[in-house]
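**Q** just need the structure, nothing else, for what follows:
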Amino acid sequence: MKKSEKTFYLSVLLTMFGAIALSILFFFLLFRIGELKRAGNELIRILMPFVYGGIMAYLLRPLCEKLESFFKRKLKGRRKGESIASGLSIFLSMFFGFAVVTALLILVLPQLISSIGSIVKMLPRAIEEFTAFLMNYVGDNQVLGNYVTEFSESISKRIPEWLSTSLLPSLQTLLNGFSDSVSGIVSVLTNVSLGLVVAVYLLGSRKKLANQGRMVIRAIFSPKWANRIFAELSYTDRMFSGFINGKILDSLLIGVLNFVGMLLLQLPYALLVSVLVGVTNLIPFFGPYIGMIPSAFLILLVNPWQCVLFLVFNILLQQFDGNVLGPRILGNVTGLSSFWVLFSILLFGGLFGFVGMIVGVPVFAVVYDIVRKLVRKGIAYWERKEGSL
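**A** Got it, this is the predicted structure:
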């Protein structure tokens with residue numbers, strides 16, 4: 001048998017062996033998907049402090065880098081100026097993040113609890129007044145009057161049922177399992193505390209870790225592919241940091257403006273509604289409507305005309321955000337059309353919920369950029385091939 005024939009048969013055998021091995025591995029993973037999922041969840045639970053720390057460090061990194069460059073200019077020429085600048089920037093960044101979260105909890109949380117409590121107390125009376133308001137405008141129209149009466153009776157009946165069959169049993173279960181709740185709270189606090197330590201280490205060693213990552217990539221890939229990977233990672237970092245940090249700042253400003261506007265217009269539940277509007281504003285495209293609709297319903301139960309006033313004010317505020325504030329903070333950082341923004345929100349929101357709605361746009365923007373580059377290279381390749389014929 002010739003050497004070429006031996007090589008051919010050997011390659012066929014290796015291909016068949018690889019196909020069989022991959023098929024066995026595929027069916028093994030398919031029938032062990034539950035165990036793999038449990039193992040993955042357990043691994044995530046163990047590494048949760050690193051997840052928290054990574055998120056904190058990534059969000060605070062832009063502020064830390066700005067502070068570090070500022071202190072380096074001020075301490076230029078001094079002994080150990082760089083280490084002092086690094087330490088000060090990390091400390092002030094962590095202090096700023098801790099102060100913002102603490103202030104939100106201390107100032108907002110009691111007001112939110114108070115607002116929710118007052119809503120529960122006034123809800124039956126508000127439904128009666130709202131029904132009377134509608135009946136005045138319905139007049140002698142029997143059909144519309146029947147619809148209003150059915151709606152009022154349905155709401156008046158379902159709220160007590162919900163309180164007696166859902167909320168109260170849930171509270172009782174919560175009290176019975178208080179030890180489990182305490183352990184869960186302790187676990188979260190422990191993970192957050194460890195995450196703070198991890199965030200400090202990540203901020204302090206971010207340059208060293210970045211250099212080590214570059215060395216690993218250069219050791220695995222050729223210089224050409226390593227440079228391409230570095231360029232794509234740089235683009236991904238700009239996309240995520242620019243979009244997420246910009247969106248957080250934009251939503252914070254919108255929440256504050258909404259709160260000030262509602263106070264000036266003397267609208268009820270100003271703080272509760274402003275928190276809801278600010279948090280949902282993190283979601284692109286759908287966020288303003290997700291926050292506006294339940295907020296308008298709450299105000300509607302108090303005073304229908306104030307609800308109309310809130311809707312007009314909120315629509316104007318969202319127009320200001322979409323045409324003035326948002327573009328100045330974010331710009332067109334993703335480069336995606338409205339269709340792909342909508343597609344990414346629906347896709348990642350369906351897969352990962354609220355978090356998926358927030359990070360779906362930058363994730364899809366990165367995928368879109370990679371596909372666009374591959375398409376351009378493919379077109380250029382076939383054009384060169386046709387030109388050589």
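**Q** so where do the helices sit in the stretch 1-150 of the chain?
**A** Secondary structure of the stretch 1-150 of the chain by DSSP state H, counting those that start in this stretch: the helices cover 3-31, 33-46, 48-74, 81-138, 142-162.
**Q** ranking these by mean pLDDT, which is last?
**A** Least confidently modelled of the helices of the stretch 1-150 of the chain is helix 142-162, at a mean of 64 by mean pLDDT.
**Q** show me what counts as buried in whichever strand or helix holds residue 249.
**A** Using DSSP states H and E, residue 249 sits within helix 246-264. Applying a neighbour-count criterion of 16 or more other C-beta atoms under 10 Å, one finds 246-248, 250-251, 253-255, 257-259, 261-262 buried in helix 246-264. Yep, even glycine has a C-beta here, placed from its N, CA and C like the rest.
**Q** how far does it sit from its chain's centre?
**A** 18 Å (C-alpha atoms, centre = their mean, to the nearest Å).
**Q** list of residues touching the very next helix or strand once past that helix?
**A** For helix 246-264, the succeeding helix or strand toward the C-terminus, using DSSP H and E, is helix 270-280. Residues from elsewhere that reach helix 270-280 (C-beta atoms under 8 Å, 6 or more residues apart in numbering): 108, 111-112, 115-116, 251-252, 254-256, 258-259, 262-263, 267, 287-288, 290-292, 294-295, 298-299, 310, 314.
**Q** got the buried residues for helix 270-280?
**A** Buried residues in helix 270-280, counting neighbours by 16+ other C-beta under 10 Å, are found at 270, 271, 272, 273, 274, 275, 276, 277, 278, 280.
**Q** which one of the buried residues of helix 246-264 is nearest residue 84?
**A** Proximity of the buried residues of helix 246-264 to residue 84 was ranked by C-beta to C-beta; the top entry is residue 248 with 29.0 Å.
**Q** what sits closest to residue 360 if chain neighbours are left out?
**A** residue 348 (2.9 Å; C-beta to C-beta, 6 or more residues apart in numbering).
**Q** hmm, I typed the wrong one, I wanted residue 299.
**A** Among residues not flanking residue 299 along the chain, residue 307 sits closest, at 4.5 Å (C-beta to C-beta, 6+ apart).
**Q** separation between the one you found and residue 268?
**A** 10 Å (C-beta to C-beta, to the nearest Å).
**Q** what touches both of these two?
**A** Joint contacts of residue 307 and residue 268 (C-beta under 8 Å, 6+ apart) are residue 299.
**Q** tell me the SS of residue 284?
**A** Assigned with DSSP: H, G, I helix; E, B strand; the rest coil, residue 284 falls in the coil class.
**Q** doesn't residue 361 make contact with it?
**A** Yes. Counting by C-beta atoms under 8 Å, residue 361 is a contact partner of residue 284 at 5.4 Å.
**Q** quick one: common contacting residues for these two?
**A** Shared contacts of residue 284 and residue 361, defined by C-beta under 8 Å, 6+ apart, comprise 341, 345.
**Q** follow-up on the earlier one: packing partners for the helix holding residue 249?
**A** helix 270-280, helix 304-320, helix 326-330 (3 or more C-beta pairs under 8 Å, 6 or more residues apart in numbering; DSSP states H and E).
**Q** could you dump these to a markdown table with mean pLDDT and distance to residue 387?
**A** As requested, the helices and strands packed on helix 246-264 are arranged in a markdown table below (pLDDT from 0 to 100; distance: least, C-beta to C-beta, whole Å):
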| stretch | mean pLDDT | distance to residue 387 |
| --- | --- | --- |
| helix 270-280 | 85 | 53 |
| helix 304-320 | 89 | 51 |
| helix 326-330 | 76 | 42 |
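**Q** for the ones you listed, could you give me CSV that also reports distance to residue 59?
**A** As requested, the helices and strands packed on helix 246-264 are exported to CSV (distance: least, C-beta to C-beta, whole Å):
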stretch, distance to residue 59
helix 270-280, 16
helix 304-320, 25
helix 326-330, 15
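**Q** which one of these lies closest to residue 187?
**A** Ranking the helices and strands packed on helix 246-264 by proximity to residue 187 (C-beta to C-beta) places helix 270-280 first, at 24.0 Å.
**Q** can I get that closest one as PDB, trimmed to CA atoms?
**A** Extracted in PDB, the C-alpha atoms of helix 270-280 (Å, rounded to 0.1, in the frame of the first residue of the first chain):
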ATOM      1  CA  ALA A 270     -43.500  61.900  43.700                       C
ATOM      2  CA  LEU A 271     -40.600  59.800  45.100                       C
ATOM      3  CA  LEU A 272     -42.200  56.400  44.400                       C
ATOM      4  CA  VAL A 273     -43.000  57.400  40.800                       C
ATOM      5  CA  SER A 274     -39.600  59.000  40.300                       C
ATOM      6  CA  VAL A 275     -37.800  55.900  41.400                       C
ATOM      7  CA  LEU A 276     -39.900  53.700  39.200                       C
ATOM      8  CA  VAL A 277     -39.400  56.100  36.200                       C
ATOM      9  CA  GLY A 278     -35.600  56.300  36.800                       C
ATOM     10  CA  VAL A 279     -35.100  52.500  37.200                       C
ATOM     11  CA  THR A 280     -37.200  51.600  34.200                       C
END
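**Q** for the next helix or strand after it, packing partners?
**A** Next in sequence after helix 270-280, counting helices and strands by DSSP H and E, comes helix 287-302. Here helix 287-302 touches helix 81-138, helix 270-280, helix 304-320, going by 3+ C-beta pairs under 8 Å, 6+ apart.
**Q** flag every buried residue along helix 287-302.
**A** Using 16+ other C-beta under 10 Å as the test for burial, helix 287-302 gives 287, 288, 290, 291, 292, 295, 296, 298, 299, 300, 301, 302.
**Q** need the winner for burial among the helices and strands packed on helix 287-302.
**A** Among the helices and strands packed on helix 287-302, ranked by average contacts under mean count of other C-beta atoms under 10 Å, first place goes to helix 270-280 (a mean of 21).
**Q** any idea of the angle that one forms with helix 287-302?
**A** Angle, helix 270-280 to helix 287-302, by axes from the mean of the first three to the mean of the last three C-alpha atoms, to 10 degrees: 160 degrees.
**Q** got a list of contacts for stretch 312-326?
**A** Residues from elsewhere that reach stretch 312-326, judged by C-beta under 8 Å, 6+ apart: 250, 253-254, 257-258, 261-262, 265, 267, 277, 281, 288, 292, 295-296.
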